[in-house]
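Asks: Here's a sequence, model it:
(one chain, ligands or ions: 1)
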Amino acid sequence: MDVTFDLAAELNAALQAAATRAGLEAEAFAPEVRPADPRHGDLQANGVLGYAKARKLNPRATAEQLVAALPADLLNRYTVAIAGPGFINFTLKPAVLLAWLEKHDTPDHLRAGAASLHANRRYVVDYGSPNTAKQMHVGHIRSIIIGEAICRLLEFCGAEVVRDNHLGDWGTQFGKILYGYKHCLDPEALARDPLEEFERLYKAADAACKADPAALDEARQELVRLQNGEPDAVALWQQVNRLSIDSLNRIYARLGVRYDHFLGESFYRDRIEPVYRELIAAGLAVESEGALVVFHPEHPRFAKQPFIVRKSDGASNYASTDLATMVYRVGHFDANGIIIVTDARQNDHFEQLWLTTQKWFAATNRRLPEFQHVTFGTILGEDGKAIKTRSGDPIKLAALLDEAAERAFAIVTEKSPELPEDERRHIAEAVGIGAVRYADLAQNRSSDYVFNWEKILAFEGNTAPYLLYAVTRIHSIFRKLGLAPQDAGATACATVPETPAELALARKLVGLPAVLNVTTTQLRPHFLCTYLYELAGEFSGFYTADKVLVDDPAVRARRLLLCARTLLVLETGLQLLGLRTLTRM
Ligand code: ARG
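Replies: Predicted structure coming up:
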């Protein structure tokens, strides 16, 4: 039997074709195939109801016509039932479940199937994007974690992804940093931790400027010299950025993040003049109190609160830089879609950016890409306020990751004291960082969430330790048998799933494409988290109900097949979320 990865898309296409054969107005009909409530089936077509109602037809009769026009080979694969006022429920026959599981037997086959979802699309994903000369704190972690998961998911589903770090590496703060570097540098501190030293230099310079007008004047001069391209100022600024990127890269490496580009704000500084000219020529930008601004008269708020693209002192800003960035990403990368991941406080900025871009691109005959601002809420402490250290400072990202690994090490040591220390450390890094990551992804990203070490490191519930442990448990089943999980020999004579637990697990596995689809169209990784958690639950149910190592070779083979595919989907899913999976813990 030939089965596709995305059964819902296949069924949707078949129903669409059947609509023509059944004499429906096919262009006006959308089958709307969705995952069904498992009590009623695997897939449900909801489109008949609206279509029939609008034409005063009997929806059940229309549904019957449609089903009768489906090709025989499709009808052989499903049990079909028309329910309620014209929903069509499709339940996969066990033979289809088996064929699907047999076909999707390796990460590559799974990937090949998933590639149908976003093939031929290129996305520029702008995530992380911190400011240089500063340490990253906990506020930066969500953009990195969510952005990386989105990149991996889109890539897996067939898209080409350009990972771009839009560093804040240009701006007025550099006048003070350069001043501090010249007057207050501690070379040893710089060698130890450049970002900490740059932060200290900035603070020292800021204090000096407040206390002494001469210092303020000098810092301003440094900024002007940098903006005018004086070689010594530029060299120093470059050094600050180079050291910053090296430090950032250490954290990215720990999180398994590799950028394709670091096109920071400075990259666009010579690309901004034409933006002003075009916006003015198109009648979009006007002078207001010395600044250049864009009003959006049709918008309730932005009719009065304009998008400021050039400051009254003539300097470019975040807005003009982002406009130039839009042009570059469409032109240079030929992107179909641009995705920017920041916290929800930047909503207004990106809404105005997108409104402006649409009008400007229309006026200049540019191709308009898709644009998505992926936002997220705040990580809260137990007190319900943005999480802080005891002393009230933001928690440094590097310190958070260290603490995660340390706490996980204590747990692993308690559970498996017999393992050698280096293995316990290796496990602890995966569990600790995985726990932080998973906790961030498991909630709908739009919400704030309360960070609690005990909860995220627990072995029960929708957590990384629970899922990582489920993976190692399946590995150990195969280890005890002396088999490799993807060894086809052990599962070759598998028969169709039969018991309720086998069927429930198989149906859950076959639901993967629908989950990848909703996760990547909404760019909300929590859908995949929920699915993996439920899958692990189905597996537990199956493993408790049905013994795997039975004598009957066919039953044993099909149960091993279910074990192997659960493992494949869990490992693949967790890796897409950015977690490192383990074979034992
Ligand atoms: N550097 C900014 C910040 O720290 C985020 C940049 C996001 N990307 C962009 N193209 N504006 O808030």
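
Asks: who's in contact with whatever residue of the stretch 451-585 of the chain ends up closest to the ligand?
Replies: With C-beta to the nearest ligand atom as the measure, residue 523 is the residue of the stretch 451-585 of the chain nearest to the ligand, at 15.5 Å. (C-beta placed from N, C-alpha, C; glycine too.) With contacts taken as C-beta atoms under 8 Å, 6 or more residues apart in numbering, residue 523 has the following neighbours: 150, 339, 372, 374.

Asks: and if you look at residue 102?
Replies: Residue 102 makes contact with 491, 494, 561 under the criterion C-beta under 8 Å, 6+ apart.

Asks: again, 10 Å this time
Replies: Contact analysis of residue 102 by C-beta atoms under 10 Å, 6 or more residues apart in numbering lists 1, 3, 488, 491, 492, 494, 561, 565.

Asks: Residue 177 too?
Replies: Contacts of residue 177 (C-beta under 10 Å, 6+ apart): 132-134, 198-199, 201-202, 205-206, 219, 222-223, 226, 236-237, 240.

Asks: thinking again about what came up before, specify which member of the contacts of residue 102 is nearest to residue 422.
Replies: The shortest approach to residue 422 among the contacts of residue 102 belongs to residue 565, at 32.1 Å (C-beta to C-beta).

Asks: related to what we said a few turns ago, show only the entries of the contacts of residue 177 found in strands.
Replies: Residues from the contacts of residue 177 lying in strands, with DSSP state E as the criterion: none.

Asks: from these, which ones fall inside helices?
Replies: 198-199, 201-202, 205-206, 219, 222-223, 226, 236-237, 240 (DSSP state H).

Asks: now these as TSV including neighbour count, distance to residue 439 and pLDDT?
Replies: Formatted as TSV, the ones in helices among the contacts of residue 177 follow (neighbours: other C-beta atoms under 10 Å; distance: C-beta to C-beta, whole Å; pLDDT from 0 to 100):
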residue	neighbour count	distance to residue 439	pLDDT
198	25	30	95
199	16	27	94
201	25	34	96
202	20	32	96
205	26	38	96
206	18	35	96
219	25	41	95
222	24	42	94
223	21	41	93
226	20	41	94
236	19	40	95
237	22	37	96
240	21	33	95
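
Asks: coming back round to it: ChimeraX command for the buried members of the contacts of residue 102?
Replies: Here is the ChimeraX selection string for the buried members of the contacts of residue 102, based on 16 or more other C-beta atoms under 10 Å:
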select :3,491,494,561,565
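
Asks: got CSV for the contacts of residue 102, with distance to residue 427 and secondary structure too?
Replies: Below are the contacts of residue 102 laid out as CSV (distance: C-beta to C-beta, whole Å; DSSP: H, G, I helix; E, B strand; the rest coil):
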residue, distance to residue 427, secondary structure
1, 41, coil
3, 37, coil
488, 29, helix
491, 29, helix
492, 33, coil
494, 32, coil
561, 28, helix
565, 25, helix
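
Asks: how about the nearest residue to residue 30, chain neighbours excluded?
Replies: Once flanking residues are discounted, residue 30 sits nearest to residue 47: 4.8 Å by C-beta to C-beta, 6 or more residues apart in numbering.

Asks: Same check on residue 411?
Replies: Using C-beta to C-beta, 6+ apart and skipping the chain neighbours, the partner closest in space to residue 411 is residue 457 (6.2 Å).

Asks: The one you found and residue 413, how far apart?
Replies: From residue 457 across to residue 413, the span is 13 Å (C-beta to C-beta, to the nearest Å).

Asks: The two - which one has more neighbours?
Replies: The residue with more neighbours, out of residue 457 and residue 413, is residue 457; 21 against 15, by other C-beta atoms under 10 Å.

Asks: Wait, that one touches residue 407, no?
Replies: Yes: shown here, residue 457 and residue 407 form a contact pair, counting by C-beta atoms under 10 Å, at 6.0 Å.

Asks: can you list residues touching both of those two?
Replies: With C-beta under 10 Å, 6+ apart as the test, residue 457 and residue 407 both reach 431, 432, 435.
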